[in-house]
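**Q** Return a 3D structure for these sequence lines:
(4 chains)
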Number of protein chains: 2
Amino acid sequence: MADKNKSTKERIIGAANSLFYMAGIRATSVDAIAAKAGITKRSLYYHFQSKDELIAEYLGSRDQLNLNAYKKWFAAQEGDVSAKLRALFNGILETTSHPKWRGCGFQRTVGELANKPGHPAIRVASLHKKKVEQWLAEEFCHNGLVNADVTARHVFLLLEGAMAAMLVHRDPAYIRQAAEAAALLVSHAAQSEDC
Amino acid sequence: MADKNKSTKERIIGAANSLFYMAGIRATSVDAIAAKAGITKRSLYYHFQSKDELIAEYLGSRDQLNLNAYKKWFAAQEGDVSAKLRALFNGILETTSHPKWRGCGFQRTVGELANKPGHPAIRVASLHKKKVEQWLAEEFCHNGLVNADVTARHVFLLLEGAMAAMLVHRDPAYIRQAAEAAALLVSHAAQSEDC
DNA sequence: GTCTATAAGCCGATAGAC
DNA sequence: GTCTATCGGCTTATAGAC
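**A** Residues are numbered from 1 along each chain as shown, chains lettered A, B, ... in the order given. Coordinates of the predicted model:
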């Protein structure tokens, strides 16, 4: 088993990742995570102080993975920024069309913890979303768009809306039309001199 | 008490509405709802078959309320469609800036029930969101926009994204810039002959 | 239609042995 | 660092009296 090469902590986070994402935070018990990781609950509490800490680490483990997927889709496409953006939305379209897709893990976790302002997992989610938006702004800037920050925020809002709408309707047309709106807004931002 | 004039069922839904929205679905027990409604749990189960049914009725009770608020903000503003749209986003800005705001109840409920496809509450949420989008399309059509359906979908996606982003960042700038993006997209849809 | 009482099990977290 | 055992409380839902 490849799991043998992982530390206990890594196996716990892997189990938490799978269960928290598929079933939700409150629907997943610490017992279930420990069982999936192949340890007892007492051992889990040796590695993590509380369930809340584990929730934050679960989201933290998805931060780079998510961002790297976006970067990969964007960079792999040749052409101008609008072609790359179309490729980004295509990647999201494929991901969200998978039957095991359960929405954006960050959005869903923040939604479940909405009654706990200041929860560490909310901070992790906020930072992740800021990273995505800032990455978009940098790419737009390097591709010579005016007001790259503003356009990045508009596209980010469409990304968030696309995932929320896809979760409730389960209709890929929402992703495609979010991409269409993003393309309109990007084409509206003409070429400029520098960043 | 005004509650005396309400039926038991209405009081249960009122209690469920408050608790489900403020704390979340799974974080709210049937015990707590019954206590808040001033009845016993057994009486609650006389009026509702299960917690799942109560969740669906909770969302159903917010359907018209939400839609009417949007319609009110839009209609109260004099001027062209872009002015009315600005007023709509202003209403959302005020609502979401309130410290007791806990995100879109429909989005959060769908997020919590993502592991239960076909749950009755998900259907209610999907229908509600469709109503909002279709209302936007009708307003855009009556105001002479071309491709009213497409523009309505774009604006709807921005609305969803604005609420999701506001919940994670708690920064009203996201609402304002969603309104800005919506204005750009609406101005892009010029006048046409009829619906 | 509302009540008391309870089923049968799961929850997060901990004690103490090894 | 991992184990067995358990605490005290909460979970949805139901039985049966009135």
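**Q** Now do whichever helix or strand residue A:185 is part of and helix B:173-188, the angle between them.
**A** Applying DSSP states H and E as the criterion places residue A:185 in helix A:173-188. If you take axes from the mean of the first three to the mean of the last three Cα atoms, to 10 degrees, helix A:173-188 sits at 80 degrees to helix B:173-188.
**Q** got the CA coordinates for helix A:173-188 in CSV?
**A** This file holds the C-alpha atoms of helix A:173-188, laid out as CSV (Å, rounded to 0.1, in the frame of the first residue of the first chain):
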residue,chain,number,x,y,z
ALA,A,173,-24.7,25.5,-19.1
TYR,A,174,-24.1,27.7,-16.1
ILE,A,175,-20.3,27.1,-16.3
ARG,A,176,-20.3,27.8,-20.1
GLN,A,177,-22.3,31.0,-19.7
ALA,A,178,-20.1,32.2,-16.8
ALA,A,179,-17.1,31.7,-19.2
GLU,A,180,-19.0,33.7,-21.8
ALA,A,181,-19.6,36.6,-19.4
ALA,A,182,-16.0,36.5,-18.3
ALA,A,183,-14.9,36.7,-22.0
LEU,A,184,-17.1,39.7,-22.5
LEU,A,185,-15.6,41.5,-19.5
VAL,A,186,-12.0,40.6,-20.5
SER,A,187,-12.5,41.8,-24.0
HIS,A,188,-13.8,45.0,-22.6
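**Q** Buried residues in it, which are they?
**A** For helix A:173-188, burial by neighbour count (16 or more other Cβ atoms under 10 Å in any protein chain shown) applies to A:174-175, A:177-186, A:188. Any C-beta I mention is one placed from the backbone N, CA and C, and that applies to glycine too.
**Q** again with stretch A:13-27
**A** By neighbour count with 16+ other Cβ under 10 Å, stretch A:13-27 contains the buried residues A:13-17, A:19-21, A:23-27.
**Q** Now chain A against DNA strand D: closest residue?
**A** Proximity of chain A to DNA strand D (Cβ to the nearest atom of the strand) peaks at residue A:42, 3.0 Å away.
**Q** For that residue, grab the count of nearby residues.
**A** 8 (other Cβ atoms under 10 Å in any protein chain shown).
**Q** tell me the phi and psi of residue A:144?
**A** phi 80, psi 20 (degrees, to the nearest 10).
**Q** In which helix or strand does residue A:39 reside?
**A** Counting by DSSP H and E, no helix or strand carries residue A:39.
**Q** Give the full set of residues in contact with the nearest residue to it once chain neighbours are set aside.
**A** Excluding its sequence neighbours, the residue lying closest to residue A:39 (Cβ to Cβ, 6 or more residues apart in numbering or on different chains) is residue A:8, at 6.4 Å. Neighbour list for residue A:8: A:37, A:39, A:43, A:47 [criterion: Cβ atoms under 8 Å, 6 or more residues apart in numbering or on different chains].
**Q** would you turn those residues into CSV with pLDDT?
**A** What follows is the contacts of residue A:8, written out as CSV (pLDDT from 0 to 100):
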residue, pLDDT
A:37, 97
A:39, 96
A:43, 97
A:47, 97
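**Q** The helix holding residue A:185 vs chain B: in contact?
**A** Yes: with Cβ under 8 Å from any Cβ of the partner chain as the criterion, chain B is reached by helix A:173-188 at A:174, A:177, A:178, A:180, A:181, A:184, A:185, A:188.
**Q** And that helix, what does it pack against?
**A** Judged by 3 or more Cβ pairs under 8 Å, 6 or more residues apart in numbering or on different chains; DSSP states H and E, helix A:173-188 is in contact with helix A:81-97, helix A:148-169, helix B:148-169, helix B:173-188.
**Q** Output those helices as TSV; include the columns distance to residue B:133.
**A** Output for the helices and strands packed on helix A:173-188, formatted as TSV (distance: least, Cβ to Cβ, whole Å):
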stretch	distance to residue B:133
helix A:81-97	18
helix A:148-169	9
helix B:148-169	4
helix B:173-188	13
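**Q** Those: which one's closest to residue A:132?
**A** Residue A:132 lies closest to helix A:148-169 among the helices and strands packed on helix A:173-188, at 6.5 Å (Cβ to Cβ).
**Q** quick one, that closest one and helix B:148-169 angle?
**A** Here helix A:148-169 runs at an angle of 100 degrees relative to helix B:148-169 (the same axes, to 10 degrees).
**Q** I'd like to check the angle between helix A:148-169 and helix A:81-97, please.
**A** Per the same axes, to 10 degrees, the angle that helix A:148-169 makes with helix A:81-97 is 20 degrees.
**Q** buried stuff in helix A:148-169?
**A** Quick answer for helix A:148-169 (16+ other Cβ under 10 Å): A:148-169.
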